[in-house]
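Novice: Give me the fold of what follows.
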Amino acid sequence: MTIPPLSDEQRQQARYAATEARRRRAAVKQALRTGELTLAEVLATAETDDVIAHAKVVDILKALPRVGAVRADRAMDKFDIAPNRRLRGLGRHQAAALVAEFAPRTK
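Specialist: As a prediction, the model looks like this:
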């Protein structure tokens, strides 16, 4: 199966759509970093929003405050989540476990 050739206009539209999708995912990660959004809110949004649903789980975890590559990788291993898994591909129990693991700590 080969990909059909795209016209210049179709190629430009696809490029624009991809850029907008990257911008939206970056905005969500920034909102996570600043605390405007919680992991639970992002996961809920991913259920209905295809752009957010295609974000990688590990990238979303690393966007959380005080979570780096090591802590994100440990959580992924702990809950048996593949390194290349996208938000849409998370199971119900995996999503709940991540929310519980990274719930904001109250004093």
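
Novice: Residue nearest the middle of the chain, spatially speaking?
Specialist: Residue closest to the average C-alpha location in the chain (C-alpha atoms, centre = their mean): residue 55, at 3.2 Å.

Novice: so how far is residue 68 from the closest residue in space to that residue that isn't next to it in sequence?
Specialist: Among residues not flanking residue 55 along the chain, residue 25 sits closest, at 4.8 Å (C-beta to C-beta, 6 or more residues apart in numbering). To be clear about C-beta, it is placed using only N, CA and C from the backbone, and glycine gets the same treatment. Using C-beta to C-beta, to the nearest Å, residue 25 is found at 19 Å from residue 68.

Novice: Counting neighbours, go ahead and name the busier of those two.
Specialist: Shown here are residue 25 and residue 68; by other C-beta atoms under 10 Å, residue 25 has more neighbours (19 against 10).

Novice: right, and residue 75 touches residue 99 too?
Specialist: No. Taking contacts as C-beta atoms under 8 Å, residue 75 lies outside contact range of residue 99: 11.2 Å.

Novice: Flag the shaky bits of the protein, pLDDT-wise.
Specialist: Within the chain, the stretches with pLDDT under 70 are 105-107.

Novice: now the helices for it?
Specialist: Assigned by DSSP state H, the chain shows helices spanning 8-34, 39-46, 50-53, 57-63, 69-78, 92-101.

Novice: Report the angle between the last one and helix 39-46.
Specialist: Here helix 92-101 runs at 150 degrees with respect to helix 39-46, directions being taken by axes from the mean of the first three to the mean of the last three C-alpha atoms, to 10 degrees.

Novice: For helix 92-101, name the packing helices and strands.
Specialist: Judged by 3 or more C-beta pairs under 8 Å, 6 or more residues apart in numbering; DSSP states H and E, helix 92-101 is in contact with helix 39-46, helix 69-78.

Novice: What residues sit buried inside the first one?
Specialist: Within helix 39-46, the residues scored as buried using 16 or more other C-beta atoms under 10 Å are 39-40, 42-43, 46.
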